[in-house]
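*Asks:* Below are the sequence and a predicted model for it; my questions follow.
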Amino acid sequence: AGAGAVTRGGIMTYGRYADSLFLDPVLNDANVDIWILSNLYDTLLLPTDDGKGVQPGLASAYAVAADGKSITLTLRDGIMFSDGSPITAEDVKWSLDRARDPKEGIWNFIDESIGSVDVKDPKTVVLTLKHPDPAIVAGLSVFNNGIMPKKLVEAMPGATLDDKAKAFAEHPVGSGPFAFASWSRGQTMKLVKNQHYWRPGADGKPLPYLDGVTFEVLPDDATRLLKVQSGELDGAEFVPFSRVEELKADPKLDMALFPSTKVAYGTFNVRPKLKSGADNPLANVKVRQALNVAADKDAIIAIVTHGVGTPMSSFMSSATPLHAGTGTEFPADPAKAKALMKEAGFEKGFGFPVLVLAGNVDEIGIATALQQMWADLGVTLEIQQVDNATLTARFREGDFSMRLGYWTDDIADPSEIASYFGYYPNIQAQHSGWNDPAFNTLFEASQQELDPAKRADQYARMQAIYRDGPTLPLYESPYPVVLKKSVHGFLQIPLGNNIFSGASLEK
Amino acid sequence: MVPTLVFILVVTFVLVRLLPGDPLSAIGGDHVTDAQVAQARAAYGLDQPLFAQFLLYVRRVVTGDLGRSIVVQVPVWSLVGERLPPTMLLSGMAVAIGVGLAVPLAFASALRRGRATDLAIRAGAQVGLSMPVFYIGLVLLTVFSAHLRWFPVGGYGDGWGDRVYHLFLPALTLGVSLAAVLMRSLRAAIVDVLGAEYVDFARAKGLPTRVILLRHVLRNALISTLALLGPTVGSLLGGAVITESVFAIPGVGRLMIESIYGRDYPVIQGLTLSLAVTVSLAFLVTDLIQASLDPRVAR
Amino acid sequence: MTGVADTRPGALAVRGLRTVFASPAGPLTAVDGVDLDLAPGEILGLVGESGSGKSVTLRSLLRLVRPPGRIAGEVLWGGRDLLGLRPGELRRVRGREIATVFQEPMTALNPVLTVGRQIDESLRAHTGLDARGRRARGVDLLDLVGIPAPATRLADYPHQFSGGMRQRAMIAIALAGEPRLLLADEPTTALDVTIQDQILKLILALRARLGMGVILVTHDLGVVAQSCDRVAVMYAGRIVETGPVAALFAEPRHAYTRGLIGSVPRAGGERRPLLSIDGTPPGLGARPAGCAFHPRCGFATDACRREAPPLAAVAPGREAAGREAPGREAACWHHAAVAAAGIEAPVPEPA
Amino acid sequence: MSAAPLLSLEDVVVRFPLRRTVMDRLARRPARAVHALNGVRLDLHRGETLGLVGESGCGKSTLARAVVRLLDPDDGRVRFEGQDIAGLVGAARRGFNKRVQMVFQDPYGSLNPRMTVRQVLHEALSVHRMRPRAAIPGRIAELLDLVRLPPDSADRLPHQFSGGQRQRIGIARALAVEPDLLVADELVSALDVSVQAQVVNLLLDLQGRLGLTVLFVAHDLRLVRHISHRVAVMYLGSVMEVGDTEALFSAPRHPYTRALLDAAPDLDPARRTAVAAARGELPSPLAVPSGCPFHTRCPHAFDRCRTERPVLAPRGPAGRAACHLEGFGAPA
Amino acid sequence: MPRPSPALAGGLAILAALLVLALVPGLVAPYAPAAFDYRAILKPPSFAHPFGTDNFGRDILSRTVWATRVDLQIALFGTLVPVVFGTLAGAVVGYYGGWVEALFGRVVDAVVTFPFLVLVIAIVAVLGPGLFNLYIAVSVVGWVFYARIVAAGVALQRRLDYAAAARVMGYSTPRIVLRHLLPNAVSAAIVYWMTDMALCILLGSSLGYLGLGAQPPTAEWGVLIADGKNYMNTAWWISIFPGVAIVLAGLGFSLLGDGLADLLRPKR
Ligand SMILES: Nc1ncnc2c1ncn2[C@@H]1O[C@H](COP(=O)(O)OP(=O)(O)OP(=O)(O)O)[C@@H](O)[C@H]1O
Ligand SMILES: Nc1ncnc2c1ncn2[C@@H]1O[C@H](COP(=O)(O)OP(=O)(O)OP(=O)(O)O)[C@@H](O)[C@H]1O
Ligand SMILES: [Mg+2]
Ligand SMILES: [Mg+2]
């Protein structure tokens, strides 16, 4: 998509696999919302297109104090909400205070380091930190720190702030490039161009180029693609990997594979005893390593992603800042696997179940392949498909042997994945029960480390330690999006955000 | 009807709470800490004893308040109100198509009993019965929407005409298996009725064949087949779950699955209740139609 | 063999009527060469045991037998062969010239249509009346068959009528086309005696008034005695004996007729054994050779086992009386012996 | 016949409540009931055949069923050898049924289509321990002989028999337990005259040989007259007249009996009439007329008949009739 | 013994063939049902793989054949408890009528109005996925339909004279119900059973679509069809052949049902 001659106007229709739940940046928690919220609510800073850094947003500039304990943000001139009312420093303070309130939603961990938000003057907001936080700048570009119109929210009916916010979320007014127009749940959501958006486009006039975006909810993969192929949609997300080749060959379509932070992995329960009281062979690191090297990642990539993915080289994706791996993590080595099993005393093998998300083709594919690959070790893997709630509940209670899952970063910083994957005090390292004091210490130190080199070193060591960790790293995969050839400038950044502000439709 | 509804309400209430996990485990995913879970449970009153929760729920239902969805945070009433009409329209059209297909086929089959037409129709019905709904749907979509472009690929449309147009293929999908079921029963009924003495009497009266078939045979044959229609509505809703996914129709079938997966207790309960009422109404309507066709059950 | 066919309007002559049903086990002959004559305005009773072919005979006249039944022979109605008519022509005969009444009014009337509607459709098919005219005629017809308050009863459904009224309604429907012949298949068997009595009297009155002929199928010899001019006795798909009612009842000429009459208890014989017929009628597929009745017959001889007797005149001299009072015919080699045995004598055991 | 009756009905009342539909409830129609038996009083003497006639729906079958305890009266009682049978339970009830048996009207419905004749009889004999196990086959052969079924019929299924033969199987089943009283409900109504005669002859024969008491229910006056010692005439759940057969048929003392006799088609073609014997139709048993139930159709009805219900009172030497016209039918 | 009807013969032949496949799948299936061949992924039908291969390179012919065993099991075990329990319950309801029948009517109402899929999903969610729990789920609901059919049949038989005769004979209630009424009332239920078995397979496939049916790598027709869903344009053979198998089995059951209906109809 050339930047030179963009065409303006038109409504882009985009097929989604599921509908949004609700449009409040603080109270919500699901990717279906997160990935589109930035179109409605702008943040002070914006993630860069490669997902690894930040760029100015509603704040035209920011300055981190030398001690790292405060940040001064300068608001851009003339910024307005989509209803035309000005965005004030009060709105910013109110929004950030709500976002960091531990009683509101589940994303406040991003703002955990903020001690207070103060309006210094109508154009300046100062964040005072409890401790230096290398991730906070990136955090300000995350959806939950989106800026909302304080007055409008508070004017909503409802007894509590939560009630008001929920009512507001049904017809939100935001600061992003698009404004909410209408929503038929389960069917379509219509966004229209925010006439007051600040950001200039390539032609010098404000973004977005499009007059609007219409999301259509099409849960069935085949149907979603048929709708693009028949020309009824301009684009669709979540193309099944099995269809990528076929769509690439279609001259009318543009099969985009956007780089992502998405990783697919397995998590083992490493507690010595299972919930049932039985001994857990997976507590033995040698067993885990044996299973790891027995799993042929390339074969899995071939089967599941039809060659679209790449093997993981660390527990985090190579698109995540401070990623430190080289080459395939645990390359396939059947002989070594057998040896390791023997060392561990499980020459004869054993059996255990794996939880996969019911109906998820990728997870079932992975599990089926693993089942076959591990059979050579005498390991019998029993596949149990469960729904998401069951999966999470059992996971959280430590009532599992192994599960499959995938992860994408929400913030351009490695701390998010590290805290959830390895740092025991947060959620017991993915509820696996893996508790490595060295990892924990390194992580805690890295959370306050402002020197990028030192922090990089800490992360390199964490990633090394994690090789004895509770996961089975599998593959990284891009976001497969199919677009009509006439669509230009649409972007899904590695953090998942769908960016429509730069998209345009060729007439 | 009321005792049935109460029974269903209690069963649903207990059942959904037996499900592992809760609304928060469904939506929070990997990001939620134990403290956050506890906090949210308290906020929704899920930490209360089950019985207390039930009393509270019943008290609210009696006043017409079905509560608010935990997952999408809208009142259950409006959610159901939005999602029920597409499913009703879909089912209605499916019934119309099913009956529309079944009647002529049943006649053709019954009148040419044992001959090639009959065998072909019955074999077709068997295929219709044996095909999974999602497969029929995808085949129809591929052929009529993607290749021939006669119909839109899924969706619900705006305005009545457009909606009927959008729902035609999904209704056909459901209608095919419905037609197969109805055809079989109607064929048997027609064969029966053709043997009835009043058909002989009608012929003895010198009536034209068309009058005999439509006025005497069809009407009587429909009566017994209609009895089948009520229960079919229930299974139609089951089939709708998958059809709605394949054709991207914002109906209650999909909402039900989503709510179960999301453990959205208020929505599941509200939906079950409204579906039960709908099905009961469907039974009532079939009873009424039956009564209008059959004076013997009236009075 | 019966003589030349009567070709006057309103006269019926049946010649060699055969009705065969195809079945997996081979053809089943339900009616096996029936000859019948009916003068205009005459009431003919058709009696016989269950399964002897009375109903099939009656239905065959109007080709109302359904597949896999096949009809052969001649049904001459005013000289025209009904079996050769095209469907459209046949429809104009059915209901208009020849009407039918069935045994079970509850099953012969369509339960989901009002009685008025069922009369109306007949009127529509057979008269040129407009809607108002048909309604008025419908009221007249119900009135004619003795249904009180006919105007209000038109809107009723059959189940709202009593058994007797249903049978009257069916007769009213049959009369809609002003037929010259009424085929009545056991019109009173399902009714109580008092109602049966009323319906029979009604049919007699209608015959007198409209001058139509009637074929009355029944089990009940009493009904025949009380309402018919002539009677034909059927056994195993054949007519075994015909004749004027009084003569035939007084002096049966076929062993089967004799057995039938003797089976009916009569005053004075209380608590004494009846003159029954032993055994059961033969199945359709396995009709005995010769006279079909011979296995149950006390008079049977080798001749009976060998050859089937033809239906032949048995009272010489009476034939000269002409068509209006055709003479007696019987299909029995031993009709003289049977006549001589009388109906009071004990049954001879079959040989 | 002054000895105590074998069985007596004392003011037996049976009602069948109609199910109320939703519409009935909405329209607040009161619950209605079929009045099947309205206080029937009748005695059955040892060794006699009592014929019970009446038009369809008058309660004949209901009475028969009350006698064998297929249903219990809502009021009044049925006494067998003086004992109220309503109180019999368990073994006593089984013992009662062993002595009071029934044969049914429908030759097709009254036999289990999946049981051979042998199974039917074997079950009856073994459940009631009528014979030691080893003697059962012999007894089955005896029974078949008794009802004149060929010996090779034992292993056949009901559908392989004709209607008359099936009724014989029903009789054999009843006789297997050697009852004192046999209730025959329309035993031959579904059969052809010729076959009727066979079964009637058999019944007459058995009654004489085994000393059975028979309650013979039928609507065919000729048959009832032929077979019965005494006859009871029912109308709308009440007994209108009861008396010795000969007296009742030659000089009926109730207008209803008269009408029934006149309506029955005579075998003699010479006795034709042009006018129907009875007018009107049977009233609905849901709304039995007040007073004499027959008054709506009775040519002799007068005011009293419409209000006061006549009781069964002696008429003539051995009969009773329920009619206000005491002199009706009396020899002049 | 009368000649078996063509329907009965045809149905039996189809099912016998399927039964043979179920018992000795190796007879026809050239490969193990779960054996991968990464070199032969998504291959169209060929001599080596007559029905082609799927995305794991598994042989569709072998999987379709091996699935016969699973699907016949589903048909049988998914309906066994409903048939037995439903029949007995129906006998009781049909015999006693009255308030028992009224109560049962309520149960039927509730079951018919209750969204079945909710129940299945709930049961599977509580007890875990897999065929056994699928059986439990369909049994919880399924018995009602048999009970309804049998109850209607028994109520009909109960009114016939032979039932009255059995009571007059002084037989005990269990004897009357089990020996006399039930054998004459079950034929409709048996015919329905045949249809139900076919429906059960189909249900298994719908649940397979939702991931609640047979678990991988078990080959099951419905799951096989669902597996092929994403390959309809590129590898039609994945779902066509199992689809044919389902139709065939359905045909077998339905023919058998028709044939049995003829056979079981009591002779008159
Ligand atoms: N459609 C048919 N297919 C085969 N056989 C038939 C058919 N209709 C009648 N029959 C047979 O033809 C024979 C004559 O039947 P028909 O009904 O005429 O007897 P019927 O004398 O009227 O007896 P009933 O007094 O019982 O009415 C019977 O054996 C009957 O079974
Ligand atoms: N189980 C029942 N439920 C409701 N009504 C019944 C029942 N049994 C009989 N009746 C009604 O009771 C009345 C008497 O019936 P019953 O069978 O005793 O008459 P019947 O004299 O035997 O008649 P038929 O000659 O027709 O056999 C009838 O109106 C009948 O409809
Ligand atoms: Mg007949
Ligand atoms: Mg009776």
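*Replies:* That came through, no problem. Ligands and ions are numbered 1, 2, ... in the order given.
*Asks:* how far does stretch D:203-219 stretch from start to finish?
*Replies:* 17 Å (CA to CA, to the nearest Å).
*Asks:* typed the wrong thing, it's stretch A:276-284
*Replies:* End-to-end span of stretch A:276-284 (CA to CA): 18 Å.
*Asks:* Then stretch C:287-296?
*Replies:* End-to-end for stretch C:287-296, by CA to CA: 13 Å.
*Asks:* residue ranges with poor pLDDT in chain C?
*Replies:* Scanning chain C for pLDDT under 70 picks out C:1-3, C:315-326, C:345-351.
*Asks:* what are the ranges of the helices in it?
*Replies:* C:54-61, C:87-93, C:105-108, C:115-126, C:131-144, C:150-153, C:163-175, C:193-210, C:221-227, C:245-250, C:255-263, C:302-306, C:335-341 (DSSP state H).
*Asks:* Just put those helices in CSV and tack on distance to chain B and mean neighbour count.
*Replies:* No exception for glycine: its C-beta is placed from N, CA and C like everyone else's. Formatted as CSV, those follow (distance: least, CB to the nearest CB, whole Å; neighbours: other CB atoms under 10 Å in any protein chain shown):
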stretch, distance to chain B, mean neighbour count
helix C:54-61, 7, 24
helix C:87-93, 5, 14
helix C:105-108, 4, 21
helix C:115-126, 5, 22
helix C:131-144, 13, 17
helix C:150-153, 14, 16
helix C:163-175, 7, 25
helix C:193-210, 17, 20
helix C:221-227, 21, 24
helix C:245-250, 27, 20
helix C:255-263, 26, 26
helix C:302-306, 37, 15
helix C:335-341, 36, 18
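*Asks:* Make sure D:Gly109 is actually in contact with E:Arg158.
*Replies:* No. Taking contacts as CB atoms under 8 Å, D:Gly109 lies outside contact range of E:Arg158: 11.6 Å.
*Asks:* Out of the helices of chain C, flag the one nearest ligand 2.
*Replies:* helix C:163-175 (10.0 Å; CB to the nearest ligand atom).
*Asks:* Next, the angle helix C:131-144 makes with that closest one.
*Replies:* 130 degrees (axes from the mean of the first three to the mean of the last three CA atoms, to 10 degrees).
*Asks:* Report the angle between helix C:163-175 and helix C:193-210.
*Replies:* 20 degrees.
*Asks:* Is there any residue in helix C:163-175 that contacts ligand 2?
*Replies:* No. Using CB under 6 Å from any ligand atom, helix C:163-175 stays clear of ligand 2, with a minimum separation of 10.0 Å.
*Asks:* tell me what that helix is packed against?
*Replies:* Where contact means 3 or more CB pairs under 8 Å, 6 or more residues apart in numbering or on different chains; DSSP states H and E, helix C:163-175 is packed against strand C:98-101, helix C:105-108, helix C:115-126, helix C:131-144, helix C:193-210.
*Asks:* can you list contacts of the strand or helix carrying A:Lys164?
*Replies:* Per DSSP states H and E, A:Lys164 falls inside helix A:161-170. Here helix A:161-170 makes contact (CB atoms under 8 Å, 6 or more residues apart in numbering or on different chains) with A:22-24, A:26-27, A:98, A:104, A:148, A:152-154, A:156-158, A:183, B:73-74.
*Asks:* Sheet partners, orientation included, of the helix or strand just after that helix?
*Replies:* Per DSSP H and E, the first helix or strand lying C-terminal to helix A:161-170 is strand A:178-184. Partner strands for strand A:178-184, per DSSP bridges, with pairing direction: strand A:188-193 (antiparallel).
*Asks:* Kindly export the partner strand (C-alpha atoms) in CSV.
*Replies:* What follows is strand A:188-193 as a C-alpha-only set of coordinates in CSV (Å, rounded to 0.1, in the frame of the first residue of the first chain):
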residue,chain,number,x,y,z
THR,A,188,-22.7,-5.8,13.3
MET,A,189,-20.9,-2.9,15.0
LYS,A,190,-20.6,0.4,13.1
LEU,A,191,-17.9,2.9,13.7
VAL,A,192,-17.8,6.2,11.9
LYS,A,193,-14.9,8.6,11.3
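*Asks:* what about stretch D:298-305 and chain C, touching?
*Replies:* No. Against chain C, stretch D:298-305 shows no contacts by CB under 8 Å from any CB of the partner chain, the least distance being 12.1 Å.
*Asks:* what pLDDT, on average, does that stretch get?
*Replies:* Taken as a whole, stretch D:298-305 has a mean pLDDT of 93.
*Asks:* Tell me the buried residues in it?
*Replies:* The neighbour-count check on stretch D:298-305 (16 or more other CB atoms under 10 Å in any protein chain shown) flags D:Cys298, D:Ala301, D:Cys305 as buried.
*Asks:* from memory the last one sits against D:His295, does it?
*Replies:* Spelled out, it's D:Cys305. Yes. Counting by CB under 8 Å, D:Cys305 touches D:His295, with 4.0 Å between them.
*Asks:* Distance to A:Pro47 for the helices and strands packed on helix C:163-175 - can I get that in TSV?
*Replies:* As requested, those are exported to TSV (distance: least, CB to CB, whole Å):
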stretch	distance to A:Pro47
strand C:98-101	90
helix C:105-108	82
helix C:115-126	78
helix C:131-144	81
helix C:193-210	95
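*Asks:* before we move on, the earlier item: give me the buried stretch members for the helix holding A:Lys164, please.
*Replies:* Quick answer for helix A:161-170 (16+ other CB under 10 Å): A:Leu161, A:Asp162, A:Lys164, A:Ala165, A:Lys166, A:Ala167, A:Phe168, A:Ala169, A:Glu170.
*Asks:* With pLDDT as extra columns, can I get those residues in CSV?
*Replies:* Below are the buried residues of helix A:161-170 laid out as CSV (pLDDT from 0 to 100):
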residue, pLDDT
A:Leu161, 87
A:Asp162, 85
A:Lys164, 90
A:Ala165, 88
A:Lys166, 86
A:Ala167, 88
A:Phe168, 91
A:Ala169, 88
A:Glu170, 86
